[in-house]
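Undergrad: can't give you the sequence, but here's the structure:
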C-alpha cells in the first residue's frame, strides 16, 4: 500500500463529463471529505474486469471507502450523508424530505431521456422530429417544476440550506444550456443556477468548453449505436 | 367533504398492474396506514387536467396526505418512513443504508428497460434480436447482484428486518417470471421471493392471472407506439 493510499481512504471513480459523477464530486467537496479521484475513460475502462468487480452494471460513479464499495450515485450521496453527516444536505421533516427526494428523482428520471434526444439533434445523429418535440416538452415541464419549487426570496429549494435537491438538480440543470435550451424563461431557476455557480464546489467540477468540445466525437459515436 | 374523506386522510393514486405503485401499496399495508385507493386506468386518466395538477409528469403512483402531495414512488416511500416511522423499513447505519439504496436504485434503473424489451418479445412486438440478448444479460446481472446480496440464513437483504430493499426489489422481482425468465438458477432469490409471497401485503397486492392476461392487449398497443 502506498503512502497516499494509506492516508486517503476514499477512492472516487468518475469521468469529467458525467453528470451522475459530478453530483458525488460536489458532495465530497462540500463535505470536505478527502478523496482520491480515479478518472475513467468511458471508451472501455468501465468494461474492464477490475471495474466490473466494483460495479457489475459498468457505470460510474463508484465510491470505495476503505473496503466498502457503493455504486448508484444517489445511493452514494445517502451513504456519505450517513457516514459524514456534517454539513448535512438532508432536511429532517417529512415534507422537506419528500421535496428533496422528488426533485432528485425528477432530475434522474426526466432529464436524461430528453437530454439524449436533444444531444442527438445537436450532433446531427438521426432522430425523429416527433421525439425532439417531446423532449423539448419534457425539459419545459421539468424546468417549470423546478421553477415552481423555488422561492424568489430563498437561495435554495429548502430555504437557505443547501440540500441534495440543489446538488442533484443543480449539477444537471447547469448542463441544459449546452443542449441549446435557454434557462432565461425560468427566472427563479436562472437565479438559483447563478447562486450555485458561485460555490467553489461547482467551479472546481465544471467541465471546460474545451472538454465539452472534445467529447462530442465520442458522444456522437455512442449515440449512433443506440 | 364526505365523511370518508374526512376520516381517511391519505389518497393513493395507483393502477393494479403498476410495479411502481405496488411498492407504495405494500408499504402502506405494512405500516398499517389507512388510505383511500384511487384506481387510474392508464389509457388516458393520467393525462386529465386534474391528475396533471397532482403530477405534471403524468405518472402514478401519487400520494396525497391531507393537502400534501408527493409523487415519484421512491420519494413517497421516504416520505412515509419519515411521517409514519413505525414499523421502520430503513436501517440506520451507513453501510446498510447504502445497501438498501443501491438495491432500490438497481431495481428501478436496471429492470424496467430490460423488462420492456422482454415484454415486446413476449407480445410479438417488433424488437431486434440483439436487444433481446442484451435484455436477458441485464436481467441475469441484476438477479445475480440480488443473489450475491442475500444470505441463505437470513430472511431479507438486511438480516431479519424487512426494509425498502425487499419492498422495492421484491415487488419487481416477483413479476420477472411473467416475462419468461426463471428465478430457479438463483436459489437465494427464489427462497426470498417465497418468504415475501407469504406476507399478507404481497398477497393483497398481487395482480391475478386474469388481470395480467387482460392487460396484454393494452400493453401491446402501448409498446407498439414506443
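TA: Good, I have the coordinates. Values in this document were obtained by computation on a predicted structure and should not be read as measured data. Residues are numbered from 1 along each chain as shown, chains lettered A, B, ... in the order given.
Undergrad: got a list of contacts for stretch A:179-190?
TA: A:115, A:118-119, A:121-122, A:136, A:139, A:143-144, A:146-147, A:150-152, A:173, A:176-177, A:193 (Cβ atoms under 8 Å, 6 or more residues apart in numbering or on different chains). (C-beta placed from N, C-alpha, C; glycine too.)
Undergrad: Can you list phi and psi of residue A:168 for me?
TA: In this entry, residue A:168 is assigned phi and psi values of phi -70, psi -50 (degrees, to the nearest 10).
Undergrad: Please report the distance of it from chain B.
TA: Spatial separation of residue A:168 from chain B under the definition Cβ to the nearest Cβ, to the nearest Å is 12 Å.
Undergrad: I'd like the distance between that residue and residue A:61.
TA: In this structure, residue A:168 lies at 13 Å from residue A:61, with Cβ to Cβ, to the nearest Å as the measure.
Undergrad: Not including adjacent chain positions, what is the nearest residue to residue A:126?
TA: Beyond its immediate neighbours in the sequence, the residue positioned closest to residue A:126 (Cβ to Cβ, 6 or more residues apart in numbering or on different chains) is residue A:120, lying 7.4 Å away.
Undergrad: actually residue A:33, not the one I wrote
TA: The shortest distance from residue A:33 to any non-neighbouring residue, by Cβ to Cβ, 6+ apart, is to residue A:84 (5.5 Å).
Undergrad: residues near that neighbour, how many?
TA: Counted by other Cβ atoms under 10 Å in any protein chain shown, the residues lying close to residue A:84 total 17.
Undergrad: What residues does chain A have near chain B?
TA: Proximity of chain A to chain B is confined to A:56-57, A:68, A:70-72, A:74-76, A:78-79, A:82-83, A:92-95, A:97-98, A:101-102, A:104-106, A:109-110, A:141-142, A:144-145 under the rule Cβ under 8 Å from any Cβ of the partner chain.
Undergrad: Mind checking which of the residues you listed are in strands?
TA: By the criterion of DSSP state E, membership of these in strands covers A:68, A:70, A:71.
Undergrad: wouldn't the last one be in contact with residue A:62 here?
TA: Yes - contact between residue A:71 and residue A:62 holds when scored by Cβ atoms under 8 Å: they sit 4.6 Å apart.
Undergrad: what touches both of those two?
TA: Both residue A:71 and residue A:62 are contacted by A:54, A:55, under the criterion Cβ under 8 Å, 6+ apart.
Undergrad: just checking, what packs against the longest helix along chain A?
TA: The helix of greatest length in chain A, counted in residues with DSSP state H as the criterion, is given as helix A:94-122. Other elements packing on helix A:94-122 under the criterion 3 or more Cβ pairs under 8 Å, 6 or more residues apart in numbering or on different chains; DSSP states H and E are helix A:73-83, helix A:129-149, helix A:164-173, helix A:209-225, strand B:68-71, helix B:73-83.
Undergrad: Select, out of those, the one closest to residue B:52.
TA: With Cβ to Cβ, the closest approach to residue B:52 among those belongs to helix A:129-149: 9.5 Å.
Undergrad: and that closest one with helix A:164-173, angle?
TA: If you take axes from the mean of the first three to the mean of the last three Cα atoms, to 10 degrees, helix A:129-149 sits at 150 degrees to helix A:164-173.
Undergrad: Show me what helix A:129-149 is packed against.
TA: Using 3+ Cβ pairs under 8 Å, 6+ apart as the test, helix A:129-149 ends up in contact with helix A:94-122, helix A:164-173, helix A:187-197.
Undergrad: For it, buried residues please.
TA: By neighbour count on 16 or more other Cβ atoms under 10 Å in any protein chain shown, the buried set for helix A:129-149 is A:131, A:135, A:136, A:138, A:139, A:141, A:142, A:143, A:145, A:146, A:147, A:149.
Undergrad: Same check on stretch A:92-99?
TA: Going by 16+ other Cβ under 10 Å, stretch A:92-99 has these buried residues: A:94, A:96, A:97, A:98, A:99.
Undergrad: what sits up against that stretch?
TA: Residues beyond stretch A:92-99 that count as contacts (Cβ under 8 Å, 6+ apart) turn out to be A:90-91, A:149, A:157-158, A:163, A:165, B:68, B:70, B:75-76, B:78-79, B:82-83.
Undergrad: Tell me the one of these nearest residue A:7?
TA: Distances from the contacts of stretch A:92-99 to residue A:7 were compared by Cβ to Cβ; the smallest belongs to residue A:90, at 28.4 Å.
Undergrad: Contacts only, for that closest one.
TA: If you count contacts by Cβ under 8 Å, 6+ apart, residue A:90 has them with A:78, A:81, A:97, A:100, A:163, A:164.
Undergrad: Between which two of the residues you listed is the distance greatest?
TA: Spatial extent of the contacts of residue A:90 (Cβ to Cβ) is set by the pair A:78 and A:163 at 12.4 Å.
Undergrad: out of those two, which sits in the busier spot?
TA: Comparing residue A:78 with residue A:163 by other Cβ under 10 Å, the one with more neighbours is residue A:78, at 25 against 22.
Undergrad: OK, contacts around the more buried one?
TA: By Cβ under 8 Å, 6+ apart, the contact list for residue A:78 reads A:90, B:97, B:98, B:101.
Undergrad: Thanks a lot, catch you later.
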